[in-house]
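1. dropping a prediction and its sequence here:
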Amino acid sequence: MDKNQKKKFFTAEEANATLPLLRAIVQDISSLAATMRSRHERVMKLTGADDRRASATEIESLQSELEQAEEKMHGYLQELDGLGVLLKDFLTGLVDFPAWMDEHEVYLCWRLDEPEVGYWHEMDAGFAGRQKLHAPIQPRPQDAASYR
């Protein structure tokens with residue numbers, strides 16, 4: 001998100017409305033992250049091998065694939081930024097939505113394997129501090145605008 005662009009705050013309903021698109025993007029990210037990790041591990045294994053000449057072609061190929069995957073990942077992350085959400089874990093597809101609750105900023109929390117946005121946590125609590133959503137999340141008051 002552009003630094004001069006207002007930060008988006010979500011209600012639970014708004015966050016859930018983004019899930020069809022978000023689920024597709026995050027699934028792609030999660031799959032790509034797993035592939036990238038596997039390729040990286042293979043490169044590390046090959047570069048540690050005694051016979052480096054035999055694996056040089058494979059290393060170059062894997063490094064090229066990693067570079068292409070990084071570019072693709074960058075595009076996915078730009079899409080998420082445009083939606084106003086924060087990706088917290090590439091592999092599990094953990095996403096936070098800025099929200100406003102009890103007159104302070106919190107995060108609504110969703111993970112790729114969950115059917116809906118059903119949790120929230122304080123800004124500094126992270127996944128371990130997730131709590132079940134019970135009360136509706138209010139829209140942010142207009143007079144309390146902030147920027148990223």
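-> Arrived safely, thanks for sending.
2. rest of the way, CA atoms for contacts and neighbours
-> Noted.
3. packing partners of the helix-or-strand element of the chain with minimal mean pLDDT?
-> Taking mean pLDDT, DSSP states H and E as the measure, the chain has helix 52-83 as its least confident helix or strand, at a mean of 89. Counting contacts by 3 or more CA pairs under 8 Å, 6 or more residues apart in numbering; DSSP states H and E, helix 52-83 packs against helix 12-47.
4. pLDDT of the helix it packs on, averaged?
-> Average pLDDT, helix 12-47: 94.
5. list the buried residues in it.
-> 12, 15-16, 19, 22-23, 25-30, 32-33, 36, 39-40, 42-43, 46 (16 or more other CA atoms under 10 Å).
6. returning to what we had before: what mean pLDDT does the helix or strand just after the least confident helix or strand of the chain get?
-> Where DSSP states H and E defines the elements, the next helix or strand beyond helix 52-83 is strand 86-89. The average of the pLDDT scores along strand 86-89 is 96.
7. give me the buried positions along strand 86-89.
-> Result for strand 86-89 [16+ other CA under 10 Å]: buried residues 86-88.
8. got the residues you listed as JSON lines, with distance to Q131 columns?
-> Formatted as JSON lines, those follow (distance: CA to CA, whole Å):
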{"residue": "L86", "distance to Q131": "18"}
{"residue": "L87", "distance to Q131": "18"}
{"residue": "K88", "distance to Q131": "17"}
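9. what's the closest of these to E71?
-> Distance to E71, by CA to CA, is smallest for L87 among those, at 16.8 Å.
10. what about the nearest residue to that closest one once chain neighbours are set aside, how many neighbours?
-> Once flanking residues are discounted, L87 sits nearest to V95: 4.5 Å by CA to CA, 6 or more residues apart in numbering. Applying other CA atoms under 10 Å, we find 22 residues neighbouring V95.
11. now the one helix or strand V95 maps to, how far from the chain's geometric center?
-> Here V95, judged by DSSP H and E, is contained in strand 94-101. Put simply, strand 94-101 sits 12 Å off its chain's centre (CA atoms, centre = their mean, to the nearest Å).
12. before we move on, the earlier item: in the least confident helix or strand of the chain, what counts as buried?
-> Buried residues in helix 52-83 (16+ other CA under 10 Å): 59, 62-63, 66, 69, 73, 76-77, 80.
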